[in-house]
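Engineer: need coordinates for the following:
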Amino acid sequence: MNLKKLIPIIILLFAFSANAQISKVQYQQIDSLFTEWNKSNHPGGAIGIMQNGKTVFLKAYGLASMEYLVPNTIGTLFNTGSVSKQFTAMGIVLLQQQGKLSFDDDIRKYLPELPDFGETISIRHMLHHTSGLRSLHAMLGLAGWRGDDSRTNEDLNRFMNKQQDLNFKPGDEYLYCNTGYMLMVNIIERVTGEKFPKWMKNNVFEPLGMTNTYVEDNYNRIVLNNATSYYKDESNDFNRSVEYWGYIGSGNMHSTVEDILIWLNNFSEPSLNWERAFKMLQTTDKLNDGSKNNYAFGVTVDEVKGLKRIQHGGAIGGFRSFVSAYPEEQLSIAVLTNFSSSDSRQKKAQIAAVLLKKYDKEIAVKEKTTEDLRANQLSNEKLKSFEASYWNDKDNYARKIYLKNDTLRYSRSATNESPIVPIGNDSFQMLKVSADLKVKFEINGKGKSMIVTVNHGQPSLFQGFEPTLRTKKELASYSGKFYSPELETTYDIYLKNDTLFYHNARHGDFKMKVLKKDVLEGEWPLNIAKFQRDEEGNINGILVSNGRVRNLWFEKHQ
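Structural biologist: The predicted model follows:
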């Protein structure tokens, strides 16, 4: 047969084989989710699906380089961001299996230079994000580092050695923390005597057949087939989003969509001698109070449509990655992109919806509405009794509850609020959110309080307070220079034209507002400043929080 005539037949047979596990309609539905990425001069990504050990969808979209109009391919390398964490966790798992460490070892056994926080932090705590350690970006942001400053594991180590406090007691809470996964790099290197990138290549990537995957500890390195990442500005134009950061362990692993599918398939069909290790990655442990934490070892373990799901996402620069495995269906999905898009995670969910449609219930569960809950309707007088501003002192944020059009509103900001409707005399269900969020109020001689529970997790406690206008004299009293010996950084809070500002040498000047007495709110990185007073009532410092850093002490110098 003529070779030119044979090639189309081979291609057709290959396409049929690749798509044998999903229908033509499913293939087209999934493909249609990403066709917009093929617009002229548009970045994109690579999408891979594996089912029953066979690749059933593998396709690239958009440009890997907008400058040179180079298209993405299935062989393009993407920075996977925090998807890297499960690979670092696997390194720890392998060493535990070899008897070289234990998940429950005190991390200071391997990292004796770390401060003694008065609490034992185990490797298990870091794997589960329950260590209480302050997280890298939030901490360095407060230290004056900007988003385009290079940062490495050595930078983290230097700052961690100066820390004096934790965000919370280890095991009390789940709070996502890059620091723990970066410190695990130090542990792996000290236990093995090898550099982390080389050890991961020899002990994880190559044994699993992931020949196009590597840990990037030098962002200046030139590696063929790496995509460039982009983000959209306010004008909806794309700009380069350079990932300046050179840290490893919590991110900066580069891979292809095919290699990621090889990895994910091990959650369904483990490679020879890897079954125990991949099962260990799915280990979940309860918090100190017995409540559930579904973050395992570098992956989240939950359910969708009654099916077990193992998943994680990643973001660095403009790269976005979303991967998931459904072991009971022997299904793996990988979405790797080179531009920041709010709908990339949604598209991964849409792929799963197409492939798991058979699990949809015949009668759809209707979203609760005010009409559905009319039987629990309360009078406006009763509803108004719950109106107030509420403060969460542990997590340092406020919420406002107010009545509008016969319905209570749960306000996060002027442009972000949700209705809550009664399911009892003082209990409410939030509408128009994907989570099962319940709100319970209590009014007594001490005032008003509010308890918020999300998906039956740990309750968050809020105390009611009354915002009041502050006099110019009181505003001026918050002025001063505040210094952190842990971060070697100063913030100057000052009053100008009846408005409070904070100033940092590297971040510049930003407005602040009074949330409640002795609590100011500003823009990143100084989000919340809680003023502390001595016995005579004089301000002697501030406790600063910005999400993944809580209550870091800045002493007043002036």
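Engineer: so where's the stretch 1-150 of the chain uncertain?
Structural biologist: Residue ranges of the stretch 1-150 of the chain with pLDDT under 70: 1-20.
Engineer: how about the helices in it?
Structural biologist: For the stretch 1-150 of the chain, the helices defined by DSSP state H, counting those that start in this stretch cover 3-18, 24-32, 85-97, 123-128, 136-142.
Engineer: what of the chain?
Structural biologist: In the chain, the segments counted as helices under DSSP state H are 3-18, 24-32, 85-97, 123-128, 136-142, 153-160, 178-192, 196-200, 257-265, 275-281, 344-355, 380-384, 472-477.
Engineer: those into a markdown table, with extra columns for mean neighbour count and distance to Phe531?
Structural biologist: (C-beta placed from N, C-alpha, C; glycine too.) Below are the helices of the chain laid out as a markdown table (neighbours: other Cβ atoms under 10 Å; distance: least, Cβ to Cβ, whole Å):
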| stretch | mean neighbour count | distance to Phe531 |
| --- | --- | --- |
| helix 3-18 | 10 | 62 |
| helix 24-32 | 14 | 54 |
| helix 85-97 | 23 | 36 |
| helix 123-128 | 25 | 31 |
| helix 136-142 | 24 | 17 |
| helix 153-160 | 17 | 24 |
| helix 178-192 | 22 | 27 |
| helix 196-200 | 20 | 42 |
| helix 257-265 | 24 | 48 |
| helix 275-281 | 16 | 44 |
| helix 344-355 | 18 | 38 |
| helix 380-384 | 13 | 32 |
| helix 472-477 | 12 | 9 |
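Engineer: which secondary element of the protein has the worst mean pLDDT?
Structural biologist: helix 3-18 (a mean of 43; mean pLDDT, DSSP states H and E).
Engineer: low-confidence ranges in the stretch 301-450 of the chain?
Structural biologist: 342, 361-376.
Engineer: may I have the beta-bridge partners of Leu500?
Structural biologist: Beta-bridge pairing of Leu500, defined through DSSP bridges, involves Leu495, Met512.
Engineer: and it, how many neighbours?
Structural biologist: 22 (other Cβ atoms under 10 Å).
Engineer: residues contacting it?
Structural biologist: 475, 478-479, 493-494, 511-514, 520 (Cβ atoms under 8 Å, 6 or more residues apart in numbering).
Engineer: which among those count as buried?
Structural biologist: If you count burial by 16 or more other Cβ atoms under 10 Å, the buried members of these come out as 475, 478-479, 493-494, 512, 514, 520.
Engineer: quick check, nearest of those residues to Ser291?
Structural biologist: Leu520 (31.8 Å; Cβ to Cβ).
Engineer: just the pLDDT at the closest one, thanks.
Structural biologist: Listed pLDDT for Leu520 reads 96.
Engineer: low-confidence regions, the stretch 451-558 of the chain specifically.
Structural biologist: The model of the stretch 451-558 of the chain has no residue with pLDDT under 70.
Engineer: again, only using 90
Structural biologist: Where the stretch 451-558 of the chain drops to pLDDT under 90, the residues are 455-458, 466-470, 558.
Engineer: and the strands in it?
Structural biologist: For the stretch 451-558 of the chain, applying DSSP state E, counting those that start in this stretch gives strands covering 460-465, 480-484, 489-496, 499-504, 508-516, 519-522, 528-533, 539-545, 552-556.
Engineer: buried set for the third one?
Structural biologist: The neighbour-count criterion (16+ other Cβ under 10 Å) identifies 489, 491-495 as the buried residues of strand 489-496.
Engineer: can you list contacts of that strand?
Structural biologist: With contact meaning Cβ under 8 Å, 6+ apart, strand 489-496 is reached by 142-144, 472, 475-476, 478-484, 500-505, 512, 520, 526, 529, 542, 544, 554, 557.
Engineer: quick one on the thing from earlier: max pairwise distance over the buried residues of strand 489-496: which two?
Structural biologist: Largest separation among the buried residues of strand 489-496 by Cβ to Cβ: Thr489 and Leu495, giving 21.3 Å.
Engineer: so what touches stretch 549-558?
Structural biologist: By Cβ under 8 Å, 6+ apart, stretch 549-558 touches 134-135, 138-139, 142, 164-165, 167-168, 394-396, 480-487, 490-491, 529-530, 539-545.
Engineer: cool, and stretch 71-78?
Structural biologist: So stretch 71-78 is in contact with 43-46, 48, 58-64, 212, 223, 225-227, 254-258, 319, 321, 336-338, going by Cβ under 8 Å, 6+ apart.
Engineer: how far does that stretch sit from its chain's centre?
Structural biologist: Centroid separation between stretch 71-78 and its chain, computed with Cα atoms, centre = their mean, to the nearest Å, is 25 Å.
Engineer: all set now, cheers.
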